[in-house]
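K.L.:
Below are the sequence and a predicted model for it; my questions follow.
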Amino acid sequence: MKSRGFTGIRARKEVEGRPHNLDASPQLKKIEALLTDAQRPWAYANGVAKRMFSIDRVAFCGPEQLGKIIAALSIDQRRRKSITTAKESSDE
């Protein structure tokens, strides 16, 4: 493609693993927020999609599947926060 003049310029900084259809789905934006909160890469969400649905990437999941991934990440978020608060209370 470069030999044909394609420069590959992106308007937004490309994040490795970020879905190409991120702006089209509010569910993908929610997944991105949950991943950011957990400080995890997109590869983690892709792994969840692979384990739960045998789909290689989150970008290929349907709305129902994305909802289930959001639920799994939300449960993980609550678990991490409860562990953090338990550690803080035991340190006192």
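P.N.:
Sure, I can see it.
K.L.:
how far out from the middle of the chain is the strand or helix carrying residue 85?
P.N.:
Residue 85 belongs to helix 63-91 when assigned by DSSP states H and E. Its chain's C-alpha centre and that of helix 63-91 lie 14 Å apart, by CA atoms, centre = their mean, to the nearest Å.
K.L.:
For that helix, enumerate the helices and strands it packs against.
P.N.:
When contacts are defined as 3 or more CB pairs under 8 Å, 6 or more residues apart in numbering; DSSP states H and E, helix 63-91 sits against helix 26-38, helix 42-53. For glycine as for every other residue, the C-beta is placed from the backbone atoms N, C-alpha and C.
K.L.:
Tell me the buried residues in that helix?
P.N.:
Under the neighbour-count criterion of 16 or more other CB atoms under 10 Å, helix 63-91 has 65-66, 69-70, 72-73, 76 buried.
K.L.:
how about the helices and strands packed on helix 63-91 in a markdown table, adding mean neighbour count and distance to residue 82?
P.N.:
Formatted as a markdown table, the helices and strands packed on helix 63-91 follow (neighbours: other CB atoms under 10 Å; distance: least, CB to CB, whole Å):
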| stretch | mean neighbour count | distance to residue 82 |
| --- | --- | --- |
| helix 26-38 | 16 | 14 |
| helix 42-53 | 17 | 20 |
